[in-house]
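Visitor: Give me a 3D structure for the following:
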Amino acid sequence: MRNGHRPLIAATTVAALTTGVAYLFGPGAPPADSETKRAAPAAARPAADGACKVSAAYPKRQLRGVWIATVHNVDWPSKTGLDPARQQAEYVRILDNAVKRNFNAVFVQVRPASDAIYKSAYEPWSQWLTGTAGKDPGWEPLPFLIAEAHKRGLEFHAWFNPYRAADKDNVAKLPANHPARLHPAWVVKHEGRLYYNPGLPEVRAHTVQVIQDVVTRYDVDGVHFDDYFYPYPGNGTTFADAAAFTKYGKGKSLAAWRRDNVNKLVAEVGQAVHAAKPYVKFGISPFGIWRNKSNDPTGSDTKGLSSYDAIYSDARAWIKAGSVDYIMPQLYWPRGFAAADYAKLVPWWAAEVRGTGVHLYIGQALYRVGATDVAAWTKAGELPAHLTLNRKYPEVQGDVYFSAAQMAKNPLGVLDRIAKDHYSRPALPPLMKARGGGPPAAPAAVRNSGGTLAWRSSPGASAYAVYRVAGAGPDACSTADARNLLAVVPATGAAQQAYAASAGGAYLVSALDRLGNESAPVTATLP
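Guide: Numbers count the residues shown, from 1 in each chain. Reported below is the predicted structural model:
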């Protein structure tokens, strides 16, 4: 990624586009209740034209996420060796900052480089917890990380790097249980680092096993890959996979074989994730350029690194095959940038997913805001303008920002502008029909209890959406967009739920399953 985590595209020359890559990485009738002013299904008064008019400024469903990188302590923990209480406090601050700005998802790096921030039978503890690879940190972070996210209504996406084995190439210095020590034939030494060889079936099987283990044992909402597949061009060293190519190439060109290796892993991971838990989403955040028009007439009008040709990452193939639930291209360039114009890339990616059922989210370069090497990034309005442009393309269903450290810094006050102009209301997650689920029973006994909105819990509900309509009573369009949406309240597990209602009016409450499928709303009026 960037800032020592993703490839950074410089403003000066097109050559910089291909170099300078860093390695880091159901309804029930309410009982009689003296406190109940009204509790019934929301009024079904139809819109005059037979359809609800919604505002693009208040999207009801939109993914709003932030990456939380653990590699090299980019985001969390802030440094190695912190005690569990300090690590936990730092993480909670990140979540609270996200919630304050009406975000609804976090993408947390749980496997930076064939290591784990959870207790794994397959890979050693991450050095970014304690400072020593393989050392037990004295607690298991992942259950806490997930629970705290869910407690705040945030989806938790577990972020894995599939091929990075270690950031040093001395196998002997790895923990004794590291897969690269147990299976040295799996790895390739490349420019001072260790990579798993994507051409080996054993490597794919191990990667799938690691991910399926996490999905099976932990309550994650998604599995996420970023842009690291085959190594980015660095010093021009040949990636030493000739023996695997000779054995498994089967008449393909080297480039086609490498792309096929990645495509196979993507398909196998998607199948394994959905077999373990059908509701868990799987998606990838590729480099923002698939191919340039100079490489392929169907590519984007860009002049940067071609991920298809340079790192053998064929996002178009994943979309066409339905191997992923979403694609999240890293569009880390401003509008008008000659080599890679944000305003040209968004419609290109929108066209790629149109009609496929694959969701499109955009990876946003929060880390670039305030940088002086590109004039556009010195302006606080550039990143918010990206979100305004996205509204023209209904295929764009959300944005994810790199990264949590920059969210805390809020460069140029840009997140204040985004929160005010784009995230002034909460949002439900975009619905993925392929992942199943269904609306829970509508909340029962919705009532005003001493100035607090209260209702009976709905079986299977993960959260509740609370709307407020002032003035005229609610109608069938009152919940069509988010202009009336006050909060998404996580379910507590108690028999009753509550929300502090600070003003009068008609309140509507609906129940949501973990995928965001929504019940019919039930109304209670407060004086």
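Visitor: Could you chop this protein up by domain?
Guide: Split into domains by automatic domain parsing, the chain comes to 56-434, 437-526.
Visitor: Give me the below-cutoff pLDDT ranges for the stretch 401-527 of the chain.
Guide: 527 (pLDDT under 70).
Visitor: can you list the weak-confidence ranges in this protein?
Guide: Using pLDDT under 70, the chain drops low at 1-50, 527.
Visitor: Centre-most residue in it?
Guide: Phe107 (4.8 Å; CA atoms, centre = their mean).
Visitor: The helix or strand harbouring that residue pairs with which strands, and in what direction?
Guide: Taking DSSP states H and E as the definition, Phe107 sits inside strand 105-111. Applying DSSP bridges to the sheet, strand 105-111 is found paired with strand 63-68 (parallel), strand 155-160 (parallel).
Visitor: Select the longest helix from this structure.
Guide: helix 254-276 (DSSP state H).
Visitor: Packing partners of that helix?
Guide: Here helix 254-276 touches helix 201-217, strand 222-225, helix 242-248, strand 281-284, helix 315-321, going by 3 or more CB pairs under 8 Å, 6 or more residues apart in numbering; DSSP states H and E. To be clear about C-beta, it is placed using only N, CA and C from the backbone, and glycine gets the same treatment.
Visitor: Neighbours of Glu382, how many?
Guide: When neighbours are counted by other CB atoms under 10 Å, Glu382 registers 21.
Visitor: In this structure it contacts Gly370, no?
Guide: No: Glu382 lies out of contact with Gly370 (CB atoms under 8 Å); the separation is 10.2 Å.
Visitor: Pull up the distance across stretch 350-360, start to finish.
Guide: Using CA to CA, to the nearest Å, the end-to-end distance of stretch 350-360 comes out at 7 Å.
Visitor: And for stretch 478-498?
Guide: First residue to last in stretch 478-498 (CA to CA) measures 21 Å.
Visitor: Give me the buried positions along that stretch.
Guide: 478-491, 497 (16 or more other CB atoms under 10 Å).
Visitor: Nearest to Arg391 among those?
Guide: Asp481 (12.4 Å; CB to CB).
Visitor: and the closest one, how far is that from Lys60?
Guide: Distance, Asp481 to Lys60, by CB to CB, to the nearest Å: 5 Å.
Visitor: Tell me which of the buried residues of stretch 478-498 fall in helices.
Guide: Of the buried residues of stretch 478-498, none are assigned to helices by DSSP H.
Visitor: what's the closest of these to Gln87?
Guide: Among the buried residues of stretch 478-498, and counting by CB to CB, the member closest to Gln87 is Pro490, at 22.5 Å.
Visitor: Would you map the helices across the stretch 401-527 of the chain?
Guide: 404-409, 414-421 (DSSP state H, counting those that start in this stretch).
Visitor: so what does the longest one touch, helix or strand wise?
Guide: Translated: helix 414-421. helix 382-390.
Visitor: Just the buried residues of the helix it packs on, please?
Guide: 382-387, 389-390.
Visitor: From the chain's centroid, how far away is that helix?
Guide: Here the centre of helix 382-390 is set off from its chain's centre by 19 Å, with CA atoms, centre = their mean, to the nearest Å.
Visitor: Which residues does it contact?
Guide: Outside helix 382-390, the residues within contact range by CB atoms under 8 Å, 6 or more residues apart in numbering are 331, 334-335, 342-343, 346, 362, 364-366, 369, 376, 396, 399, 414, 417-418, 421-422.
Visitor: List buried residues within these.
Guide: By 16+ other CB under 10 Å, these give 331, 334, 342-343, 346, 362, 364-366, 369, 376, 396, 399, 414, 417-418, 422 as buried.
Visitor: coming back round to it: would you convert the helices and strands packed on helix 254-276 into a markdown table that also reports distance to Val54 and mean neighbour count?
Guide: Shown next, in a markdown table, are the helices and strands packed on helix 254-276 (distance: least, CB to CB, whole Å; neighbours: other CB atoms under 10 Å):
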| stretch | distance to Val54 | mean neighbour count |
| --- | --- | --- |
| helix 201-217 | 34 | 18 |
| strand 222-225 | 26 | 25 |
| helix 242-248 | 51 | 14 |
| strand 281-284 | 24 | 25 |
| helix 315-321 | 27 | 19 |
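Visitor: Nearest to Ala255 among these would be which one?
Guide: Comparing the helices and strands packed on helix 254-276 by CB to CB, helix 242-248 comes nearest, at 10.5 Å.
Visitor: Remind me what that closest one packs against, helices and strands.
Guide: Using 3+ CB pairs under 8 Å, 6+ apart, helix 242-248 is in contact with helix 254-276.
Visitor: Is it correct that the residue nearest to the centre of the chain is in contact with Val400?
Guide: Yes: Phe107 is within contact range of Val400, at 6.3 Å (criterion: CB under 8 Å).
Visitor: Find residues that contact each of those two.
Guide: Counting by CB under 8 Å, 6+ apart, the shared contacts of Phe107 and Val400 are 65-67.
Visitor: Quick check: PyMOL command selecting the buried ones in those residues.
Guide: Buried residues within the shared contacts of Phe107 and Val400, by 16+ other CB under 10 Å, are selected in PyMOL with:
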select buried, resi 65+66+67
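Visitor: Next, format the shared contacts of Phe107 and Val400 as JSON lines and append distance to Arg86.
Guide: Listed next are the shared contacts of Phe107 and Val400 as JSON lines, based on distance: CB to CB, whole Å:
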{"residue": "Gly65", "distance to Arg86": "25"}
{"residue": "Val66", "distance to Arg86": "21"}
{"residue": "Trp67", "distance to Arg86": "21"}
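Visitor: Bridge partners for Leu63, pull those for me.
Guide: In beta-bridge terms (that is, DSSP bridges), Leu63 pairs with Gly398.
Visitor: Okay, buried residues for stretch 252-263 please.
Guide: Those would be 257-263, for stretch 252-263 by 16+ other CB under 10 Å.
Visitor: Run through who's touching the strand holding Phe107.
Guide: Contacts of strand 105-111 (CB under 8 Å, 6+ apart): 25, 63-71, 76, 94-95, 98, 116-118, 123, 142, 145, 149, 154-161, 210, 214, 221-222, 224, 400, 404, 429.
Visitor: same thing with stretch 190-203?
Guide: 23, 114, 162-169, 171, 180, 183, 185-188, 204, 206-207, 229-231, 234-235, 237, 239-241, 244-245, 248, 257-258, 261-262, 265, 312.
Visitor: Ala419 and Asn102 touch, don't they?
Guide: Yes: checked against CB under 8 Å, the pair Ala419 and Asn102 is within contact range at 6.6 Å.
Visitor: Between those two, point out the one with more neighbours.
Guide: Asn102 (20 against 17).
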